[in-house]
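Asker: how would this look folded up:
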Amino acid sequence: MLNWLLLCVPVTLALEYLAPQQHLAIFIAAAIAIIPLAGWLGKATEQLAERSGEGVGGLLNATFGNATELIIAIAALRAGLHDVVKASLAGSIIGNILLVLGASMLCGGLRFKEQHFNSEGARAEASLLTLAAIALVLPAVYMMRAEEAPVLLGKVQYLSNAISVVLLLVYGLFLYYSLVTHKALFAGNRQEDSEAVDLWPMGKAIAILAVATALIAWVSEILVGAIEPSAKAFGLSNLFIGVFVVAILGNAAEHASAITAALKNRMDLALSISIGSSLQVALFVAPVLVLSSLIIGPEAMNLAFTSGLTLTMLLAVLITGQIAGDGRSDWLKGVQLLAVYLVFGMAFFFIPAIPAP
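Answerer: Numbers count the residues shown, from 1 in each chain. This is a model prediction of the structure:
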């Protein structure tokens with residue numbers, strides 16, 4: 001139905017290269033273009049989940065969805081924009097477990113009185129999120145203490161590098177756990193209410209997934225470039241832009257896929273997409289960026305997020321673990337997650353923009 005919106009893809013590219021100063025027009029065209037692309041990405045993910053199970057389908061969606069953020073973050077690293085990268089990473093972690101999961105539970109709960117998913121698999125993912133939050137807290141503590149003991153400042157980068165290696169190892173072990181030794185916890189159970197899906201050939205599903213991801217990455221990078229000059233005109237801080245605006249638009253694919261899965265009573269897939277995407281950002285994307293910055297950046301990036309970002313991530317992880325731990329969801333749980341996200345958004349919105357020197 002929305003395929004005609006794909007016309008906004010060439011319009012976005014034309015505006016970007018022919019009228020680069022038209023930031024508002026570029027922003028609108030790119031935002032609209034992402035909608036049908038995210039829809040096709042969601043369809044391809046559903047096809048792969050039909051063949052390989054909810055766990056693998058969610059992992060593929062998270063991987064292709066996070067490719068956008070990884071591409072944008074690497075470009076920002078080359079420019080030395082570490083604060084923007086950290087804000088975007090934190091916003092992605094927060095947005096996936098509060099906004100995406102909350103919207104999925106709300107939309108699914110409005111259609112079905114109660115939905116169920118594997119509680120053991122959800123608790124395993126929530127525990128890993130807690131581990132990631134702990135790992136991200138420690139560099140921030142070192143940075144805060146460095147004001148009193150400057151010798152710690154030089155240790156923050158070494159600590160970040162070591163933690164990054166540990167997180168990558170844990171993520172690799174989690175993949176082995178979820179895809180090999182305990183894959184039944186993440187395979188999901190198709191409900192009777194679920195709609196039948198006409199299967200595509202595997203090659204078609206993978207090709208559409210790859211093409212949609214590539215186009216989303218391209219359009220998202222253009223979109224992010226147009227957001228900052230437009231938002232600054234309204235006095236919004238870079239922190240708010242990175243944590244909420246960039247993260248929401250960068251996660252458009254996950255939003256569409258997870259909500260679609262919930263509406264079809266496939267909460268295992270919705271959780272695999274939303275929580276799995278946050279896990280991948282915390283345990284894979286962030287460590288990869290830290291280690292990559294040692295090679296591609298003008299200076300190395302560490303894992304010392306600001307105290308506000310660290311506290312926000314920790315609180316988001318705590319409430320997600322509580323809500324997802326009992327294996328059932330309804331619309332009220334979705335409202336609770338969305339309310340926390342809204343409160344965080346208001347707190348960051350009122351942070352004043354700092355004018356450039």
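
Asker: residues in contact with the host helix or strand of D83?
Answerer: Secondary structure from DSSP states H and E places D83 in helix 82-94. Here helix 82-94 makes contact (CB atoms under 8 Å, 6 or more residues apart in numbering) with 66, 69, 72-73, 76-77, 132, 238-239, 241-244, 246-248, 250-251, 277-278, 281-282, 285-286, 289, 293, 297, 299, 301, 305-306, 309, 312-313, 316, 341, 344. Yep, even glycine has a C-beta here, placed from its N, CA and C like the rest.

Asker: from the residues you listed, list the buried ones, please.
Answerer: 66, 69, 72-73, 76-77, 132, 238-239, 241-244, 246-248, 250-251, 277-278, 281-282, 285-286, 289, 293, 297, 301, 305-306, 309, 312-313, 316, 341, 344 (16 or more other CB atoms under 10 Å).

Asker: now I32: how far from T213?
Answerer: 18 Å (CB to CB, to the nearest Å).

Asker: please apply the same query to K86.
Answerer: The value you get for K86 to T213, if CB to CB is used, is 24 Å.

Asker: which stretches in the stretch 101-250 of the chain count as helices?
Answerer: Counting by DSSP state H, counting those that start in this stretch, the stretch 101-250 of the chain has these helices, from start to end: 101-111, 119-145, 153-176, 184-187, 202-232, 238-240, 247-250.

Asker: list the buried ones in the second one?
Answerer: This means helix 119-145. 121-126, 128-129, 131-133, 135-140, 142-143.

Asker: with the fourth one instead?
Answerer: Buried residues in helix 184-187, counting neighbours by 16+ other CB under 10 Å, are found at 185-187.

Asker: pLDDT of it, averaged?
Answerer: Helix 184-187 shows a mean pLDDT of 76.

Asker: report the distance from it to the chain centre.
Answerer: Offset of helix 184-187 from its chain centre (CA atoms, centre = their mean, to the nearest Å): 22 Å.

Asker: what helices or strands is that helix leaning on?
Answerer: helix 54-78, helix 119-145, helix 267-280 (3 or more CB pairs under 8 Å, 6 or more residues apart in numbering; DSSP states H and E).

Asker: could I get those as JSON lines with mean pLDDT and distance to T181?
Answerer: Shown next, in JSON lines, are these (pLDDT from 0 to 100; distance: least, CB to CB, whole Å):
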{"stretch": "helix 54-78", "mean pLDDT": "72", "distance to T181": "12"}
{"stretch": "helix 119-145", "mean pLDDT": "87", "distance to T181": "12"}
{"stretch": "helix 267-280", "mean pLDDT": "88", "distance to T181": "17"}
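
Asker: let me have those in a markdown table, adding distance to G39 as columns.
Answerer: Shown next, in a markdown table, are those (distance: least, CB to CB, whole Å):
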| stretch | distance to G39 |
| --- | --- |
| helix 54-78 | 13 |
| helix 119-145 | 26 |
| helix 267-280 | 14 |
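
Asker: closest to L175 out of the ones you listed?
Answerer: Shortest distance between L175 and those, using CB to CB, is found for helix 54-78: 7.6 Å.

Asker: hmm, back to that, pick out whichever of I32 and T213 has more residues nearby.
Answerer: T213 (24 against 18; other CB atoms under 10 Å).

Asker: list the contacts of E125.
Answerer: 271, 275-276, 279, 324.

Asker: meant to ask about A30
Answerer: Applying CB under 8 Å, 6+ apart, the residues near A30 are 8, 12, 219-220, 222-223, 226.

Asker: same question, L314
Answerer: With the criterion set at CB under 8 Å, 6+ apart, L314 makes contact with 133, 137.

Asker: 10 Å instead?
Answerer: 129-130, 133-134, 136-137 (CB atoms under 10 Å, 6 or more residues apart in numbering).

Asker: ditto for E299
Answerer: 77, 80, 82, 157, 293.

Asker: what's the answer for L167, then?
Answerer: Taking CB under 10 Å, 6+ apart, one finds 128, 131-132, 135-136, 282-284, 286-288, 290, 303 in contact with L167.

Asker: make JSON lines from the residues you listed and add distance to T260 to it.
Answerer: Shown next, in JSON lines, are those (distance: CB to CB, whole Å):
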{"residue": "L128", "distance to T260": "25"}
{"residue": "L131", "distance to T260": "30"}
{"residue": "A132", "distance to T260": "27"}
{"residue": "A135", "distance to T260": "32"}
{"residue": "L136", "distance to T260": "30"}
{"residue": "A282", "distance to T260": "24"}
{"residue": "L283", "distance to T260": "25"}
{"residue": "F284", "distance to T260": "24"}
{"residue": "A286", "distance to T260": "27"}
{"residue": "P287", "distance to T260": "30"}
{"residue": "V288", "distance to T260": "28"}
{"residue": "V290", "distance to T260": "33"}
{"residue": "L303", "distance to T260": "33"}
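
Asker: and those residues, which two are the farthest apart?
Answerer: Farthest-apart pair in the contacts of L167 is L128 and V290; separation 18.2 Å (CB to CB).

Asker: following element in sequence after the least confident helix or strand in the chain by mean pLDDT, please.
Answerer: Least confident helix or strand of the chain, by mean pLDDT, DSSP states H and E, is helix 247-250 with a mean of 69. Toward the C-terminal end, the helix or strand that comes next after helix 247-250 (DSSP H and E) is helix 252-263.

Asker: next, the angle from that next one to helix 82-94.
Answerer: Relative orientation of helix 252-263 versus helix 82-94 (axes from the mean of the first three to the mean of the last three CA atoms, to 10 degrees): 10 degrees.
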